[in-house]
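Asks: Sequence first, predicted coordinates after that:
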Amino acid sequence: MEPLLDIRDLTVSYRTPQGPVRAVDAASFAVPRGEVVGLVGESGCGKTTVARAVMGVVPRSAEILGGPVLFEGRDLIRLSERERRALRWREMAFIPQTAMSALDPVYRVGRQIEEVLVERGGRSRTVARARAAELFGLVGIDARRLDDYPHQFSGGMKQRASIAIALALEPKLVLADEPVTALDVIVQRQVLDVLKALQARMHLSVVLVTHDISVVAYACDRVVVMYAGRVVETGRVAEVLERPRHPYTMGLTNAFPDLESAAGELVPIEGSPPSLLDPPRGCRFAPRCPFAQPRCTASEPPLLTDGEDHAAACWRAEEAPALRIQAAEAATWRR
Ligand SMILES: Nc1ncnc2c1ncn2[C@@H]1O[C@H](COP(=O)(O)OP(=O)(O)OP(=O)(O)O)[C@@H](O)[C@H]1O
Ligand code: SF4
Ligand SMILES: [Mg+2]
């Protein structure tokens, strides 16, 4: 079946005084209907830029160079602003990264849900009021809190309310940018449980942006790992996290605690991602990769599948089983 969202060679460049920053470089991945796709990677790797480009809400300084980005066969990049507006909220909704910016501090929360229903969905006030109460119920907030202001809500409640707003018009796709990052682990799980339950019930497709691989393990069906603007590994979560083929993914799985069990030893990946003003030649992970070889800096590895539904962009992907054994040793990552 054709995926709901099919991103092909998406490239997004920001104009800056220092020169163009290629925040996303030829990224390709698909979002099947009814699945949760985790978009994961360290800060600055381009996750928010991907989500914003899909949603059509990039800053003026951004230039979208690649594509197409197909949503039910329509290229989102080539839509007019009017066509895009017609899709937003009704077909696809966005939960922005700064958790709290989804909610306007000066309006009551219930009122904000009603506005989406009335202004964007053409519902009557009465219908909107009833629907807002129903949506609160769905995300597990007492409908008596509809008249509260955002500052009266806890972080977890604000995020549930953002989910309620995103789901108000029953979109097919939700792009949620770091929806649980600011929350403690228990509340993270509660919010993810709400999102998962509604996603299954409404047969939604979700792109869940996170820097935390344990959130992917907990809540996602598929995963797309990004590094320095590039997609470096994709596949089903169980497969990719059990048998990562890219050393960066191997490193990420060591670097985060498990959401469900007590943490083992956490081993950070030393160093930081390269500047996207002038990315290194060859594999962009090479300066931090414990398995780098001369060929790695000579040319960039393409994203290739293993013949199944699992792709990685690493010259040594064929050796992954042996590399995984080394990657599990903390010493491998220490310089
Ligand atoms: N408006 C902008 N102008 C110039 N550069 C930008 C702009 N927004 C983002 N960037 C740069 O683009 C790159 C990707 O940023 P993006 O916000 O997409 O990353 P991210 O993966 O969402 O990171 P984070 O985990 O910190 O949210 C970074 O190098 C960032 O500095
Ligand atoms: S291509 Fe080389 S440097 Fe890049 S991840 Fe693979 S082994 Fe490491
Ligand atoms: Mg971001």
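Replies: Perfect, thanks for sending it. Ligands and ions are numbered 1, 2, ... in the order given.

Asks: And Pro244, how far from Gly235?
Replies: 9 Å (Cβ to Cβ, to the nearest Å). Quick note: C-beta positions are derived from backbone N, CA and C, even for glycine.

Asks: Between the two, tell me which one has more neighbours.
Replies: The residue with more neighbours, out of Pro244 and Gly235, is Pro244; 27 against 23, by other Cβ atoms under 10 Å.

Asks: does the more buried one really touch Ala238, like I thought?
Replies: No - between Pro244 and Ala238 there is no contact under Cβ atoms under 8 Å: 11.7 Å.

Asks: How many neighbouring residues does whatever residue of the chain ends up closest to ligand 3 have?
Replies: Residue nearest to ligand 3 within the chain (Cβ to the ion): Thr48, separated by 3.1 Å. Using other Cβ under 10 Å, Thr48 is surrounded by 20 other residues.

Asks: What backbone torsions are found at it?
Replies: phi -60, psi -40 (degrees, to the nearest 10).

Asks: Next up, the contacts around it.
Replies: Residues near Thr48 by Cβ atoms under 8 Å, 6 or more residues apart in numbering: 97, 177, 209.

Asks: redo that, cut-off 10 Å
Replies: By Cβ atoms under 10 Å, 6 or more residues apart in numbering, the contact set of Thr48 is 23-24, 39, 58, 96-97, 175, 177-178, 209.

Asks: How about Ala328?
Replies: Applying Cβ under 10 Å, 6+ apart, one finds that Ala328 lies in contact with 250, 253-254, 267.

Asks: picking that back up, check the contact lists of Pro244 and Ala238 and give me the overlap.
Replies: Joint contacts of Pro244 and Ala238 (Cβ under 10 Å, 6+ apart) are Val223.

Asks: And the pLDDT for the residue of the stretch 101-250 of the chain found nearest ligand 2?
Replies: Nearest to ligand 2 in the stretch 101-250 of the chain, going by Cβ to the nearest ligand atom, is Pro247, at a distance of 4.4 Å. The score at Pro247 is 98. That number is its pLDDT.

Asks: isn't it right up against Arg284?
Replies: No - using Cβ atoms under 10 Å, Pro247 makes no contact with Arg284, being 11.9 Å away.

Asks: Cool, thanks, talk later.
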